[in-house]
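1. Mind folding the following:
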Amino acid sequence: MRVIVKPEEDPKDVFLTCISHVANKSLKDKLSSVVDNVNKAAEEFNRNGMDKSFYRLNEHDNIAEKVTENEMVLVYTNRMAKKGAPGRSVYDKLKASAPQGICPLCGQRTVSTLDHYLPKARFPLLVVVPFNLVPACYDCNKLKRSTVPTTTEEQTLHPYYDDVTSVQWLFAEVVKGPPVSISFFVKDVDDWSDAMNARIKQHFNIYGLGSLYTSQAGAELANIRCQLKNILVKSNSEDVRDQLLDAFKTRNNNHRNSWGTAMYKAMADNEWFCNGGFKAK
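-> Residues are numbered from 1 along each chain as shown. Below you'll find the predicted structure:
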């Protein structure tokens, strides 16, 4: 999971911008009547984000007296996400906040949309609150669906509030072939709480990162197999290991918990692999 700087846009201003072009006076009045509700919901979300307790937030079931859930959802779809919409500039800015345009949830695919950390259907007051909108790839956006955590352990990681990049928790192991493959797993960090370790595992599982990374590792192994063969023919297994360790160090310096970092470390540490096991197709 990658970290992103939390947006600075004021939630109230964003909401007002989104509804600024509503032509229907009755609808405009209805939406304007919940501005304070939106601001309060945003403040609660931010407080709970800082406390790692999103699961304590109550669903928004009390706005029907003013506006409907669907009317609020359309503020996002028609007045923020839609091209040419008054809030589109904020939408584009949030999408662009992901470093190198890479989805922070999987750390692999390209950002193509915004994901509502808490689903818009159940938290309609948060539909255009920047803190609740995370740049994401299409697959990650769909995988989480509309699930809402009920315990701290069920919470997936939030790129604006959770920084888990300082310590390695993603690891890999070589699976002997044929064909040789790489499997990935999460290991608890001793200095972190049980809750945080559980959240990392939840994130890993919800977004299907094990299978995604194994697939990517398979493609990477196919790309480097010829190079490793040549090194082994001209030299020995120690030079193969050194080549893999150099690749590990480069990737570890960039992203400690990337699949590439875990993959190259696992390959370098595996004697069977360095002695030619990588040739098993």
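
2. host element of the nearest residue to A121 once chain neighbours are set aside?
-> Here the nearest residue to A121 in space, its sequence neighbours aside, is S146; by CB to CB, 6 or more residues apart in numbering that works out to 5.8 Å. Using the backbone N, CA and C atoms, a C-beta is placed for each residue, glycine as well. According to DSSP states H and E, S146 maps onto no helix or strand at all.

3. try D239
-> Taking DSSP H and E as the criterion, the element that holds D239 is helix 237-254.

4. How about Q168: what's its closest non-neighbour residue?
-> R256 (5.2 Å).

5. tell me the SS of the one you found?
-> coil (DSSP: H, G, I helix; E, B strand; the rest coil).

6. rewinding a little: check which helices and strands the following helix or strand past the helix holding D239 is in contact with.
-> In the C-terminal direction, the helix or strand that comes right after helix 237-254 (DSSP H and E) is helix 259-269. Using 3 or more CB pairs under 8 Å, 6 or more residues apart in numbering; DSSP states H and E as the contact criterion, the neighbours of helix 259-269 among helices and strands are strand 170-175, strand 181-186, helix 209-234, helix 237-254, helix 271-274.

7. Relative to Q227, how far out is the residue sitting furthest away from the middle of the chain?
-> In the chain, the greatest distance from the average C-alpha position (CA atoms, centre = their mean) is reached by K234, at 42.2 Å. Taking CB to CB, to the nearest Å as the measure, K234 falls 11 Å from Q227.

8. likewise L221?
-> As for L221, its distance to Q227 is 11 Å (criterion: CB to CB).

9. now swap in Y55 and tell me
-> Taking CB to CB as the criterion, Y55 is separated from Q227 by 47 Å.

10. Compare neighbour counts for these two and give me the winner.
-> Y55 (15 against 12; other CB atoms under 10 Å).

11. ok now stretch 216-228, how far from the chain's centre?
-> For stretch 216-228, the distance between its averaged C-alpha position and the chain's averaged C-alpha position is 26 Å (CA atoms, centre = their mean, to the nearest Å).

12. Just the buried positions in that stretch, please.
-> Neighbour-count burial for stretch 216-228 flags 216-217, 220-221, 224, 228 (criterion: 16 or more other CB atoms under 10 Å).

13. Distance to Y138 and pLDDT added to those residues, as TSV?
-> Output for these, formatted as TSV (distance: CB to CB, whole Å; pLDDT from 0 to 100):
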residue	distance to Y138	pLDDT
Q216	17	97
A217	22	97
E220	22	96
L221	26	95
I224	28	95
L228	34	95
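
14. Among those, give me the pair with the biggest separation.
-> For these, with distances taken as CB to CB, the pair at the greatest spread is Q216 and L228 (17.7 Å).

15. what sits against the most centrally placed residue in the chain?
-> Averaging the C-alpha coordinates of the chain gives a centre point, and the residue nearest to it by CA atoms, centre = their mean is L105 (1.2 Å). Under the criterion of CB atoms under 8 Å, 6 or more residues apart in numbering, the contact partners of L105 comprise 1, 115, 134, 136-137, 140, 156-157, 159, 203, 207.
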